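Asker: this is a predicted model, with the sequence first.
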Amino acid sequence: DGGITQSPKYLFRKEGQNVTLSCEQNLNHDAMYWYRQDPGQGLRLIYYSQIVNDFQKGDIAEGYSVSREKKESFPLTVTSAQKNPTAFYLCASSVTPSTDTQYFGPGTRLTVL
Amino acid sequence: AQSVTQLDSHVSVSEGTPVLLRCNYSSSYSPSLFWYVQHPNKGLQLLLKYTSAATLVKGINGFEAEFKKSETSFHLTKPSAHMSDAAEYFCVVSGASNTGKLIFGQGTTLQVKP
């Protein structure tokens, strides 16, 4: 099956710890995106990558970091500098950077204890 | 700058009755417009997309949306609601040209009563 996978589905973290969320796609898409979703709000863009070894900050990048060493993988690290990390995190991809149709993974719910 | 406003945060309908979810947008150029659906604790699924080929866009699961440039609207409709339609719906507009970035509305929660 082609698609986007995110793991784990649920993640618990203690304050002060960094945590990495996984996003993998086998769609051969060039562009990948990370969004944060809070209750009652739309999605906000954290980081995006248009090509391997390149990525740009989105609207709320502070306290987050990413890497794009492989086309199919775009992991997101939530650092201890992120003031309010508890949220639902969604990864997406699109065929090319200029293609605006994005396909989403199932999401990871992060809870900071 | 591009923006999108979903006019209702919550809509409640009875099963078998029509659904109307309202969306207005603002864009400095001809945008692409989307509706996505999200079931609880799931990712987003694309319902339909407008790209200027036709003003009435048909999507999956019986949903459709009409692009009205004069009203800057892109409302989502379905003739007859089903219990499985209960979910969160997002109206989305494309961001700056050729960046692939999307601008999301705040979402509308659709409740379907038996």
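Answerer: Arrived safely.
Asker: OK, contacts around the closest residue to chain A within chain B?
Answerer: Of all residues in chain B, residue B:104 sits closest to chain A, at 3.5 Å by C-beta to the nearest C-beta. In short, each C-beta sits where N, CA and C put it, glycine included. Residue B:104 is in contact with A:42, A:43, A:44, B:4, B:90, B:91, B:92, counting by C-beta atoms under 8 Å, 6 or more residues apart in numbering or on different chains.
Asker: that one and residue B:35: what is the separation?
Answerer: 11 Å (C-beta to C-beta, to the nearest Å).
Asker: cool, and residue A:28?
Answerer: For residue A:28 relative to residue B:35 (C-beta to C-beta), the value is 26 Å.
Asker: more crowded one of those two?
Answerer: With neighbours defined as other C-beta atoms under 10 Å in any protein chain shown, residue A:28 and residue B:35 compare such that residue B:35 has more, 26 against 10.
Asker: isn't that one right up against residue B:58?
Answerer: No: with contacts counted by C-beta atoms under 8 Å, residue B:35 stays clear of residue B:58, the gap being 11.5 Å.
Asker: for residue B:77, which non-adjacent residue is closest in space?
Answerer: residue B:20 (5.4 Å; C-beta to C-beta, 6 or more residues apart in numbering or on different chains).
Asker: ok, now residue A:54?
Answerer: Using C-beta to C-beta, 6+ apart, the closest residue to residue A:54 is residue A:68 (6.7 Å).
Asker: now the strands for the chain?
Answerer: I went with chain A, as the question did not name one. With DSSP state E as the criterion, chain A has strands at A:4-7, A:10-13, A:19-25, A:31-37, A:43-51, A:54-57, A:64-66, A:76-78, A:87-94, A:103-104, A:108-112.
Asker: that's the other chain; I wanted chain B
Answerer: Using DSSP E, strands in chain B cover B:3-6, B:10-14, B:19-21, B:23-26, B:33-38, B:44-50, B:56-58, B:64-68, B:73-78, B:87-94, B:102-104, B:108-113.
Asker: let's have these in CSV, adding mean pLDDT.
Answerer: Shown next, in CSV, are those (pLDDT from 0 to 100):
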stretch, mean pLDDT
strand B:3-6, 94
strand B:10-14, 98
strand B:19-21, 98
strand B:23-26, 95
strand B:33-38, 96
strand B:44-50, 94
strand B:56-58, 95
strand B:64-68, 95
strand B:73-78, 97
strand B:87-94, 94
strand B:102-104, 90
strand B:108-113, 97
